[in-house]
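**Student:** here is a sequence with its predicted model. Questions after.
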Amino acid sequence: MSDSGATSLPGLATLADVGRDAVRGGYSRHLFDDADRTLREWFVERASRIGLDVERDRNGNLWAWWGAPGPDALVTGSHLDSVPGGGAFDGPLGVVSALDALERLIASGASPGRPVAVVVFAEEEGSRFGVACLGSRLLTGGIAPERALRLVDAEGHDLAEVLAGAGVDPAHVGRDEQALGRIGLFVELHVEQGRGLVDLGAPIGLAAGILAHGRWRLIVRGQGNHAGATPMGDRRDPMVVAGALIARVPELAAAHPGSRATVGRVTAVPGGTNVIASRVDVMLDARAEDDATTRALVAEIADCAAAAAAERGCTVELVEESWADRVEFAPSPRAELAAALGGPPVLATGAGHDAGVLAPLVPTAMLFVRNPTGVSHAPEEFASAEDCAAGVDALEAVLRSRLRGAA
Ligand code: GLV
Ligand code: MN
Ligand code: MN
């Protein structure tokens, strides 16, 4: 389905072969790797072809402008990076739809009236450096540049090095008042990451809010040793602690209705089949209706980890890697979008977005496109050609309704 999905819009079809992951399936496109660079080149080329002027901001985000960049800009877009083995839609759908909608507006003879831009945010998934929405967090000051620049990828390269290699000066990374001050309204179109619109029988929806969420590293330390020579009773094995903890996570989350807790990645050091690990990092993603519940759930998981570690002669350390407050999208741009679109359904989401990072600072709204599989962050993520077309129509209608002096 990912193959047919990648062709749901002609623009997505163009990208169908970029960053395919032969091992995991789906796509792996991470900040400034070959696939991400190819996608960025495609964006510059496509945006230029329809008459937009492309610039890269101080944090590696791309902006394609219709009309001179300036205040009160109408901004739409999303991201081009993916999770490891992700689907074709999460991110690129919002970028391709934005370019399609803008191309149609330009072709119809509409005049910008106010600046309009398509944005591509860098490292939205946090798959290379561990912090989601890194480009928009840097732009808004949601992460300190000193901390961000020290983030390290799986190969040991830090962000400073990777940015410099891509021509982004690490010395100028950080909150960008100029770029932020230009945004009059940000609208992100995104594939829905659930079955809300399927159940409602609607191709398009508007976002209500985003669950509070974050990522934590539980570092379990024990004693590395020989798998054959160490009697079972003499072991301090952090992998056994990690296993016991992970088995408890679902019931701990279930005690907080509506919350979600996931261990999607475990790293063993040194990582040999015949070696008792000395250290295991358990990567936790936790989300809930509100900030306090999310933090309470993580504290309970950490307590459980500490108890499991103590029982087996190990220790555990909890490190918060990222945090995002609960987001409520403001009723005012949403009501205006709803009026332009004939009142589509309004849905909450458990997925994080750059729109959520921008929402506390600038007027922000989100449009969702129906996903019949309800699956996301996996190759089965899907949206039909008809629903993708409805998404472009909706975005065009929204842009048109917000352009002063549009034809
Ligand atoms: C991004 O899609 C996230 O919700 O983690
Ligand atoms: Mn995602
Ligand atoms: Mn996304």
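**Tutor:** Yep, it's here. Ligands and ions are numbered 1, 2, ... in the order given.
**Student:** please enumerate the strands of the stretch 301-407 of the chain.
**Tutor:** 315-324, 327-328, 346-349, 364-369 (DSSP state E, counting those that start in this stretch).
**Student:** swap that for the stretch 151-300 of the chain, please
**Tutor:** Remark: strands of the stretch 151-300 of the chain, listed N- to C-terminal, are 183-191, 204-210, 212-221, 225-226, 260-269, 275-276, 279-288; assignment by DSSP E, counting those that start in this stretch.
**Student:** hey, which of those strands is tucked in deepest?
**Tutor:** Comparing those by mean neighbour count (mean count of other C-beta atoms under 10 Å), strand 183-191 ranks first with a mean of 24. Every C-beta, even on glycine, is put in place using the N, C-alpha and C of the backbone.
**Student:** quick one: strands adjacent to it?
**Tutor:** Strand 183-191 has its sheet partners listed here by DSSP bridges as strand 73-79 (parallel), strand 364-369 (parallel).
**Student:** got a pLDDT number for L403?
**Tutor:** Per-residue confidence for L403 comes out at a pLDDT of 88.
**Student:** renumber starting at 83 from here on
**Tutor:** All right, first residue 83 from here; so that's L485.
**Student:** count the neighbours of it for me.
**Tutor:** The local packing of L485 (other C-beta atoms under 10 Å) involves 19 other residues.
**Student:** picking up where we left off before, possible to save the strands paired with strand 265-273 as TSV with mean neighbour count?
**Tutor:** Compiled in TSV, those are given as follows (neighbours: other C-beta atoms under 10 Å):
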stretch	mean neighbour count
strand 155-161	26
strand 446-451	27
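**Student:** so which of those strands is nearest ligand 1?
**Tutor:** Taking C-beta to the nearest ligand atom as the measure, the strands paired with strand 265-273 were each checked against ligand 1, and strand 155-161 came out nearest at 9.0 Å.
**Student:** what's downstream of that closest one, the next helix or strand?
**Tutor:** Read in the C-terminal direction, the helix or strand following strand 155-161 is helix 174-189, with elements assigned using DSSP states H and E.
**Student:** now the closest residue to ligand 1 within the stretch 133-282 of the chain: how far from I132?
**Tutor:** With C-beta to the nearest ligand atom as the measure, the residue in the stretch 133-282 of the chain that lies nearest ligand 1 is A214; the distance is 5.1 Å. Using C-beta to C-beta, to the nearest Å, one obtains 30 Å as the distance from A214 to I132.
**Student:** quick one: the helices in the stretch 383-489 of the chain?
**Tutor:** Counting by DSSP state H, counting those that start in this stretch, the segments of the stretch 383-489 of the chain that form helices are 413-422, 436-440, 467-484.
**Student:** same check, this time on the stretch 83-232 of the chain
**Tutor:** For the stretch 83-232 of the chain, applying DSSP H, counting those that start in this stretch gives helices covering 84-87, 92-96, 116-131, 174-189, 216-222, 227-231.
**Student:** looking at the third one now, give me its mean pLDDT.
**Tutor:** In other words, helix 116-131. Averaging pLDDT residue by residue across helix 116-131 gives 98.
**Student:** flag every residue of the chain that's near ligand 1.
**Tutor:** By the rule C-beta under 6 Å from any ligand atom, the part of the chain lying against ligand 1 is 207, 214, 433-434.
**Student:** of these, closest to A476?
**Tutor:** Taking C-beta to C-beta as the measure, A476 lies nearest A433 of the residues of the chain next to ligand 1, at 19.0 Å.
**Student:** so the closest one sits against G291, correct?
**Tutor:** No: with the criterion set as C-beta atoms under 8 Å, A433 and G291 do not qualify as a contacting pair; they are 11.4 Å apart.
**Student:** quick one: stretch 99-114 near ligand 3?
**Tutor:** No: residues of stretch 99-114 contacting ligand 3 under C-beta under 5 Å from the ion: none, with a closest distance of 11.7 Å.
**Student:** find the nearest non-adjacent residue to A390, please.
**Tutor:** Closest residue in space to A390, ignoring its immediate chain neighbours: A326 at 4.4 Å, by C-beta to C-beta, 6 or more residues apart in numbering.
**Student:** pretty sure G353 contacts A359?
**Tutor:** Yes: the pair formed by G353 and A359 meets the contact definition of C-beta under 8 Å, at 7.1 Å.
**Student:** neighbour count: the two, which is higher?
**Tutor:** Neighbours per residue, other C-beta under 10 Å: of G353 and A359, the larger number sits with A359, 25 against 10.
**Student:** which residues touch the closest residue to the more buried one other than its chain neighbours?
**Tutor:** If the residues on either side of it in the chain are set aside, A359 comes closest to A350, at 4.2 Å by C-beta to C-beta, 6+ apart. Taking C-beta atoms under 8 Å, 6 or more residues apart in numbering as the criterion, A350 is in contact with 320-321, 359, 361-362.
**Student:** report pLDDT for A350.
**Tutor:** 98.
**Student:** specify the beta-bridge partners of it.
**Tutor:** According to DSSP bridges, V362 are recorded as the beta-bridge partners of A350.
**Student:** where's it relative to A324, distance?
**Tutor:** As judged by C-beta to C-beta, A350 and A324 stand 8 Å apart.
**Student:** if we can go back for a sec, do you know the pLDDT at the closest residue to the residue of the stretch 133-282 of the chain closest to ligand 1 other than its chain neighbours?
**Tutor:** Ranked by C-beta to C-beta, 6+ apart and with sequence neighbours excluded, the top spatial neighbour of A214 is G208, at 3.7 Å. Reading off the per-residue confidence, G208 sits at a pLDDT of 98.
**Student:** enumerate every residue touching the residue nearest to A129 when sequence neighbours are not counted.
**Tutor:** The shortest distance from A129 to any residue other than its chain neighbours is 3.5 Å, reached at A146 (C-beta to C-beta, 6+ apart). By C-beta under 8 Å, 6+ apart, A146 lies in contact with 125-126, 129-130, 134-136, 181, 199-201.
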